[in-house]
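K.L.:
requesting a structural model of the entry that follows:
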Amino acid sequence: MSEWLGRTQITYEDIERATPSIKEFFPMLARFYVDDQKIRVIAILDYDKGDKFREIVRKVYGSLTPTNIRRAADEAIDKWMEAHS
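P.N.:
This next block holds a predicted model:
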């Protein structure tokens, strides 16, 4: 989708202008197109560190879900960038 629109970064507004029905009838597809070229961070954790991470995510957010893992990662990245800018 972003290549078709001639952009490397697209927004929901871009999709709505190009194909309004996608956002209305297929919101997950619209989200895929918006998120498709965003940066991804993959961290492979040692077993002990992974167990500790899961434990703390459950403690802080109440459950271990992809959304809560993303929240924890976003929070850590924000703190790291703030400390180094």
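K.L.:
name the next helix or strand downstream of the helix or strand bottoming out on mean pLDDT in the chain, please.
P.N.:
Ranking every helix and strand in the chain by mean pLDDT, DSSP states H and E puts helix 2-5 at the bottom, with a mean of 59. Per DSSP states H and E, helix 2-5 leads on to helix 12-18 as the next helix or strand towards the C-terminus.
K.L.:
list the buried residues in that following helix.
P.N.:
Neighbour-count burial for helix 12-18, with 16 or more other C-beta atoms under 10 Å as criterion, is recorded at 14, 15. C-beta: built from backbone N, CA, C; applies to glycine.
K.L.:
do stretch 64-79 as well
P.N.:
So stretch 64-79, judged by 16+ other C-beta under 10 Å, has buried residues residue 72.
K.L.:
if we look at that stretch, which residues are touching it?
P.N.:
Contacts to stretch 64-79, defined as C-beta atoms under 8 Å, 6 or more residues apart in numbering, come from residues 41, 43, 53, 54, 56, 57, 58, 60, 61, 62.
K.L.:
now those in JSON lines, with pLDDT, neighbour count and distance to residue 8?
P.N.:
As requested, the contacts of stretch 64-79 are exported to JSON lines (pLDDT from 0 to 100; neighbours: other C-beta atoms under 10 Å; distance: C-beta to C-beta, whole Å):
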{"residue": "41", "pLDDT": "92", "neighbour count": "8", "distance to residue 8": "18"}
{"residue": "43", "pLDDT": "94", "neighbour count": "9", "distance to residue 8": "25"}
{"residue": "53", "pLDDT": "97", "neighbour count": "17", "distance to residue 8": "32"}
{"residue": "54", "pLDDT": "97", "neighbour count": "14", "distance to residue 8": "34"}
{"residue": "56", "pLDDT": "98", "neighbour count": "12", "distance to residue 8": "35"}
{"residue": "57", "pLDDT": "98", "neighbour count": "18", "distance to residue 8": "32"}
{"residue": "58", "pLDDT": "98", "neighbour count": "13", "distance to residue 8": "37"}
{"residue": "60", "pLDDT": "98", "neighbour count": "11", "distance to residue 8": "34"}
{"residue": "61", "pLDDT": "98", "neighbour count": "14", "distance to residue 8": "32"}
{"residue": "62", "pLDDT": "98", "neighbour count": "9", "distance to residue 8": "37"}
